[in-house]
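In: Sequence and computational prediction follow.
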Amino acid sequence: MKKRNLLFILFLSGIGIGLSGCNFTNKGNSQTFYNTLAVVDSDPDGRTIVCTSYGYLAAPSLTDVSPGNCIFIRQFTLDYDNQPTSGYYTISDIVKETVNQSSPAVDNPTELGNYTLPFSSIDNVYTDEFYKGRIFIVATCKDKNPALRLVYNPSEEETDGIKNFYLQAAPSSSTPNASDVQTLYAFNLYDMIRVANQDTLRTFKDYTDQYDFWYIKAKLNYVSDTTNNEPVYGTISGNPLELYIFKNQ
């Protein structure tokens with residue numbers, strides 16, 4: 001893995017749940033970045049790094065995380081004048097929150113079980129080749145702490161190689177909230193991308209390098225309503241998505 005040049009990276013556009021965009025302030029040769037989604041990893045020497053849409057960033061001050069954790073970084077500082085001699089930009093002054101995550105559940109999407117809570121809307125979906133196969137979803141429903149799952153039925157016929165995924169939610173109590181509440185959640189599709197689709201390889205080039213990626217095409221659906229305990233699914237805007245991971249990960 002290598003560091004990615006921040007000067008060539010587009011910042012995330014604004015999303016809900018406080019993600020007002022990766023704005024930053026500039027003080028001399030130090031910048032403070034805001035609202036960044038990340039997946040925790042480690043380099044070959046065991047040092048903590050975070051995988052962001054900017055690329056890989058060293059984060060030695062994060063001592064309460066483990067590789068594979070998903071986090072929402074409310075802010076971090078990058079001091080260009082005080083960088084150690086390592087392969088990554090090093091960041092500090094990190095303020096973050098944990099983002100719950102799970103892997104897709106293999107199930108029949110028509111059988112809801114306890115996952116009967118409709119979504120009012122799916123506000124945003126965020127993917128990036130640096131997220132190590134994670135999808136971050138900002139969803140709104142009438143519950144402060146719903147349990148989310150992403151259902152996949154491997155026996156469902158695919159059209160043009162597109163896999164259908166179904167987002168469902170279970171209420172945290174028998175009495176839903178009267179008002180809408182946003183939830184940020186992550187789903188880990190790494191194994192599905194890496195193992196099940198080794199024949200789907202693409203190559204891209206940037207200014208100096210060439211990268212190979214494994215990928216899948218995914219259509220994301222969500223429970224918008226229920227009729228006689230049967231789900232009514234809406235389709236998330238922007239489908240189908242192409243989800244990438246680096247071949248050498």
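Out: Happy to help now that I have it.
In: Show the average pLDDT along stretch 103-114.
Out: Confidence for stretch 103-114, expressed as mean pLDDT, is 95.
In: ok now that stretch, how far from the chain's centre?
Out: Average the C-alpha atoms of stretch 103-114, do the same for its chain, and the two points are 20 Å apart (CA atoms, centre = their mean, to the nearest Å).
In: can you list the residues that contact it?
Out: Contacts of stretch 103-114 with the rest of the structure, by CB atoms under 8 Å, 6 or more residues apart in numbering, involve 147, 149-154, 164-166, 168, 170, 187-189, 191-192, 221, 223, 226, 229-231, 233. Any C-beta I mention is one placed from the backbone N, CA and C, and that applies to glycine too.
In: Kindly recompute the last result at 6 Å.
Out: Residues from elsewhere that reach stretch 103-114, judged by CB atoms under 6 Å, 6 or more residues apart in numbering: 149, 150, 151, 152, 153, 166, 170, 188, 231.
In: tell me the two of the residues you listed that are most distant?
Out: With distance counted by CB to CB, no two of those lie farther apart than 188 and 231, which are 23.0 Å apart.
In: Give the bridge partners for residue 125, please.
Out: Note on residue 125: beta-bridge partners by DSSP bridges are residue 137.
In: which one's the longest strand in this structure?
Out: The single longest strand within the chain, with elements called by DSSP state E, is strand 210-227.
In: Could you tell me which strands that one is paired with, and in which direction each runs?
Out: For strand 210-227, sheet partners with direction are given as strand 162-170 (parallel), strand 201-205 (antiparallel), strand 230-235 (antiparallel), strand 241-246 (antiparallel), following DSSP bridges.
In: would you say residue 192 is within a strand?
Out: No - counting by DSSP: H, G, I helix; E, B strand; the rest coil, one finds residue 192 to be helix, located in no strand.
In: Next up, the contacts around it.
Out: Taking CB under 6 Å, 6+ apart as the definition of contact, residue 192 has no neighbours.
In: residue ranges with poor pLDDT in this structure?
Out: When the per-residue scores of the chain are filtered using pLDDT under 70, the ranges that remain are 1-28, 85-86, 174, 196-201, 204-208, 249.
In: can you give me the helices in it?
Out: Secondary structure of the chain, counting by DSSP state H: helices at 190-196.
In: quick one on the thing from earlier: now the contacts of stretch 103-114: which count as buried?
Out: Burial of the contacts of stretch 103-114 was assessed by neighbour count (16 or more other CB atoms under 10 Å); the buried members are 149, 150, 151, 152, 153, 166, 188, 231.
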